[in-house]
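In: sequence and predicted structure, then a few things I'm wondering about:
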Amino acid sequence: MAYDFVPKSAYTTLFYLFLSISSILYYSMCFLANFGAQKSHLFWLTEHFLWRVCLTQWCILAIFGAVFWRKIRILYLYLAVLAGNGTMVLWILKIQQFLDGRIDLMNIHLNLISLLFFFAILHNFTTFYIFHRNLAKNSKKSAIIYYV
């Protein structure tokens, strides 16, 4: 039986909303600061710091997934989408550097972020499919119980 360990309240909803808006703003600022030839002088907007943020998010997601998967499914999906967004920004920045000729095709960072981005997309689609299948299965059971 699936249950959600995350408490549902107005404060939790506002916290999730704040976290998602702040992460989207951070990814947008990093993208704008690093896209093109001009680089940012703020250390927290550099590409290297964005690498650290994204890898930290994926490590936290791996720990949550290994330990608390059954209890916090919705939070796990939420964190996976946030980590996937950061990975997408890094991938776009590396592709832009490749198209500008600043890095070549055999650059290790380009290859690693391409693999991570591919697996992030695969992970998120698989997770969404599993949730959809479980919700469809549970709704059929509850409909049968309700109408019998």
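Out: Arrived safely, thanks for sending. Numbering: from 1, shown residues only.
In: at which residues are the helices of this protein located?
Out: Under the criterion DSSP state H, the chain contains helices at 10-34, 47-68, 73-100, 108-147.
In: can you tell me which of the ones you listed is most buried?
Out: Across the helices of the chain, the average number of neighbours (mean count of other C-beta atoms under 10 Å) peaks for helix 73-100, which reaches a mean of 18. In short, each C-beta sits where N, CA and C put it, glycine included.
In: quick one: distance of the lowest-mean-pLDDT helix or strand in the chain to the chain centre.
Out: Within the chain, no helix or strand scores below helix 108-147, which has a mean of 80 by mean pLDDT, DSSP states H and E. Taking C-alpha atoms, centre = their mean, to the nearest Å, one finds helix 108-147 lying 13 Å from the centre of the chain it belongs to.
In: just want the angle from that helix to helix 47-68.
Out: Taking axes from the mean of the first three to the mean of the last three C-alpha atoms, to 10 degrees, one finds that helix 108-147 is oriented at 40 degrees with respect to helix 47-68.
In: who are the packing partners of helix 108-147?
Out: Here helix 108-147 touches helix 73-100, going by 3 or more C-beta pairs under 8 Å, 6 or more residues apart in numbering; DSSP states H and E.
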